[in-house]
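Engineer: When you get a sec, could you give me coordinates for this:
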Amino acid sequence: KANRFACLCRLPNPFPRHSSRIWAALTKLTTAFAISPISQYKENEKFSFSKHIQANESPRHPRRFSLVHQASCETLLHAGVRRQNTQKHREQLREITRGEQILQQLNDEGVELIWAADKGSIAFTAVLSSSGDLATFVGEVIKAFGSNKIRVSHLETRQEKSGKGWDLLADCDATKEQLISAAASLTQQHVDLTGFALYKKNAMEEVPWFPRHISELDKCSHCITKYDPTTDPRHPGHGDANYIARRQFLNDHALEYRHGDPIPIVEYTEQEHATWKAVYEKLRGLHETHTCLAYRKNLKLLEDAGVLSSERIPQIRDVNKYLQKRTGFILRPCSGLLSARDFLASLAFRVFQTTTYLRHSGKPHHSPEPDLIHELLGHVPMFADPMVAQMSQDIGLMSLGASDEQIEKLATVYWFIIEFGLCREDGKLKAIGAGLISAYGELMHACSDKPEHRDFDPVTPAVQKYEDSDYQP
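Structural biologist: Sure thing, here's the model as predicted:
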């Protein structure tokens with residue numbers, strides 16, 4: 001008979017469903033591009049959610065807000081909320097039980113199990129540990145449960161690994177009052193009790209909400225980090241009333257978009273077209289020497305088809321017509337950098353959420369946040385590549401229903417490939433990542449001998465810290 005204790009040792013897969021598929025996709029991509037992410041990333045200090053957003057400012061240019069940063073903030077925030085709730089419930093139970101010793105040993109899941117129970121019976125598994133005699137231990141447990149009318153359907157024991165005590169597992173049904181009373185009397189009577197934990201019986205792991213149809217991406221629009229030119233003096237557009245109003249206008253229209261609506265036509269200003277042209281033409285000189293073959297090939301096809309040109313900013317709907325025919329991907333308007341969970345969920349439907357505003361004209365060659373230039377010049381040519389499109393969807397599918405910790409790992413792996421990935425072609429470093437391709441300084445630095453370059457391994461980047469206050473070291 002299988003040992004029931006093993007069922008309570010929960011060791012989640014570091015990657016959720018489709019792990020074999022994503023591993024194959026990443027291996028194929030590694031072989032094709034010989035990806036080498038820029039690394040040796042500084043360890044960021046742990047701040048509160050609000051302070052963490054403002055950490056690691058660069059004296060040279062404002063902080064770059066990243067998908068990795070979003071995922072890390074979400075993990076810390078959600079874990080903190082859960083811990084605060086459990087602590088609150090533990091304090092409230094202490095008042096109910098008048099400070100019984102039980103609460104000093106009860107695990108967090110046990111606290112939540114008791115707290116969530118209302119009226120009626122609850123099914124649970126109790127795991128108790130004792131350093132005393134086994135017969136005495138079992139007898140006192142049965143007595144405490146029996147006197148409080150707790151129904152026991154299964155009971156087994158085992159010796160602790162240390163050999164100095166015993167563990168007891170029992171499947172039970174009881175009301176909240178019966179459980180609290182039995183636990184309190186047991187902790188008082190059995191002085192050798194060293195551990196007491198409760199678990200949901202046959203509980204299904206709670207799965208976070210995720211979209212099941214492309215139309216439900218209307219609910220995936222959570223911009224966690226706000227890099228706002230109205231309040232942040234580091235933003236190049238800070239104090240520019242015209243830029244702020246224009247940006248707000250475009251964001252408002254993006255927020256109104258719903259699945260099935262026609263992509264709105266945006267009448268860009270001459271200043272915006274000039275900013276686009278300045279960036280396009282400066283980067284063009286680096287395409288042949290600093291970007292990968294897949295990017296150069298797809299950019300030329302986009303230019304030959306009249307979709308991309310240095311003269312005018314293309315409309316998203318025109319880009320979609322081309323991109324959907326090539327790989328099935330489409331762009332969807334959004335108002336900024338989304339939460340990592342929402343961003344990855346969109347990829348599962350081959351949807352890339354894109355901003356519609358441009359960076360400030362005063363600093364056209366660097367943007368610390370995603371903007372339309374980054375999306376169109378950096379991402380679109382690579383999403384026209386079937387291999388990159390498939391890998392992106394695979395990672396998106398893996399993210400559906402994943403835990404916060406898994407989302408952080410997936411977002412980090414994706415970031416080091418799609419935003420800051422490098423490859424070697426003819427012995428030279430070439431950029432794959434959109435964060436490099438759409439920023440002149442980033443591209444020059446990444447392909448130089450200044451940063452450290454490491455061979456790609458999906459497991460390592462998943463837990464690698466990302467330097468988002470400066471160029472990658």
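
Engineer: so where is this protein shaky, pLDDT-wise?
Structural biologist: Residue ranges of the chain with pLDDT under 70: 1-105, 117-119, 202-205, 222, 224-227, 461-473.

Engineer: got the domain boundaries for it?
Structural biologist: Listed domain ranges for the chain are 19-63+225-463, 79-200 (source: automatic domain parsing).

Engineer: so can I have a markdown table of those domains showing mean neighbour count?
Structural biologist: Just so you know, the C-beta spots here come from the backbone N, C-alpha and C atoms, and that holds for glycine as well. Shown next, in a markdown table, are the domains of the chain (neighbours: other Cβ atoms under 10 Å):
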| stretch | mean neighbour count |
| --- | --- |
| domain 19-63+225-463 | 18 |
| domain 79-200 | 16 |
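
Engineer: now these in JSON lines, with distance to Pro211?
Structural biologist: Shown next, in JSON lines, are the domains of the chain (distance: least, Cβ to Cβ, whole Å):
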{"stretch": "domain 19-63+225-463", "distance to Pro211": "6"}
{"stretch": "domain 79-200", "distance to Pro211": "23"}
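
Engineer: so when I look at Gly401, I'm seeing a strand, right?
Structural biologist: No: counting by DSSP: H, G, I helix; E, B strand; the rest coil, Gly401 is not found in a strand; it is coil.

Engineer: Quick check: which of the domains of the chain is nearest to Ile214?
Structural biologist: domain 19-63+225-463 (4.4 Å; Cβ to Cβ).

Engineer: chain center to that closest one: distance?
Structural biologist: Domain 19-63+225-463 sits 16 Å away from the centroid of its parent chain (Cα atoms, centre = their mean, to the nearest Å).

Engineer: Repeat that for stretch 123-135.
Structural biologist: 38 Å.

Engineer: what do you get for stretch 173-190?
Structural biologist: How far stretch 173-190 lies from its chain's middle: 40 Å, per Cα atoms, centre = their mean.

Engineer: State the distance from Asp192 to Asp240.
Structural biologist: Separation of Asp192 from Asp240 (Cβ to Cβ, to the nearest Å) stands at 71 Å.

Engineer: and what of Ser131?
Structural biologist: 70 Å.

Engineer: One more: Val413?
Structural biologist: 37 Å.

Engineer: do Lys219 as well
Structural biologist: Where Asp240 is concerned, Lys219 sits at a distance of 33 Å (Cβ to Cβ).

Engineer: now do His190
Structural biologist: 71 Å.

Engineer: Repeat that for Ala126.
Structural biologist: Counting by Cβ to Cβ, the gap from Ala126 to Asp240 is 63 Å.

Engineer: got it, and Glu303?
Structural biologist: Where Asp240 is concerned, Glu303 sits at a distance of 32 Å (Cβ to Cβ).

Engineer: Against which helices or strands is whatever helix or strand Glu140 lives in packed?
Structural biologist: Glu140 belongs to helix 134-147 when elements are defined using DSSP states H and E. Counting contacts by 3 or more Cβ pairs under 8 Å, 6 or more residues apart in numbering; DSSP states H and E, helix 134-147 packs against strand 122-130, strand 151-159, strand 166-174, helix 176-189.

Engineer: What segments of the stretch 151-300 of the chain are helices?
Structural biologist: Counting by DSSP state H, counting those that start in this stretch, one finds helices in the stretch 151-300 of the chain at the ranges 176-189, 241-256, 270-290, 293-304.

Engineer: what comes into contact with the shortest one?
Structural biologist: It refers to helix 293-304. Identification of contacts with helix 293-304 by Cβ atoms under 8 Å, 6 or more residues apart in numbering yields 33, 287-288, 308-309, 322, 380-382, 384-385, 387-388, 425, 430-432, 437.

Engineer: swap in stretch 273-282?
Structural biologist: Here stretch 273-282 makes contact (Cβ under 8 Å, 6+ apart) with 268, 310-313, 358-359, 361, 364-365, 373, 377, 438, 440.

Engineer: and these, which of them are in helices?
Structural biologist: By the criterion of DSSP state H, membership of the contacts of stretch 273-282 in helices covers 373, 440.

Engineer: List the residues that contact the nearest residue to Ala123 once chain neighbours are set aside.
Structural biologist: Closest residue to Ala123 apart from its sequence neighbours, by Cβ to Cβ, 6 or more residues apart in numbering: Lys201 at 4.2 Å. Contacts for Lys201 (Cβ under 8 Å, 6+ apart) come out as 123-125, 171.

Engineer: Turn these into CSV, including distance to Arg247.
Structural biologist: Below are the contacts of Lys201 laid out as CSV (distance: Cβ to Cβ, whole Å):
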residue, distance to Arg247
Ala123, 54
Phe124, 53
Thr125, 54
Asp171, 59
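
Engineer: Looking at the residues you listed, which one is closest to Lys450?
Structural biologist: The shortest gap between Lys450 and any of the contacts of Lys201 belongs to Thr125, at 56.1 Å (Cβ to Cβ).

Engineer: Surely the closest one is in contact with Ala174?
Structural biologist: No: look at Thr125 against Ala174 with Cβ atoms under 8 Å: they stay out of range, at 11.9 Å.

Engineer: and for the two, which residues touch both?
Structural biologist: Applying Cβ under 8 Å, 6+ apart, one finds that no residue jointly contacts Thr125 and Ala174.
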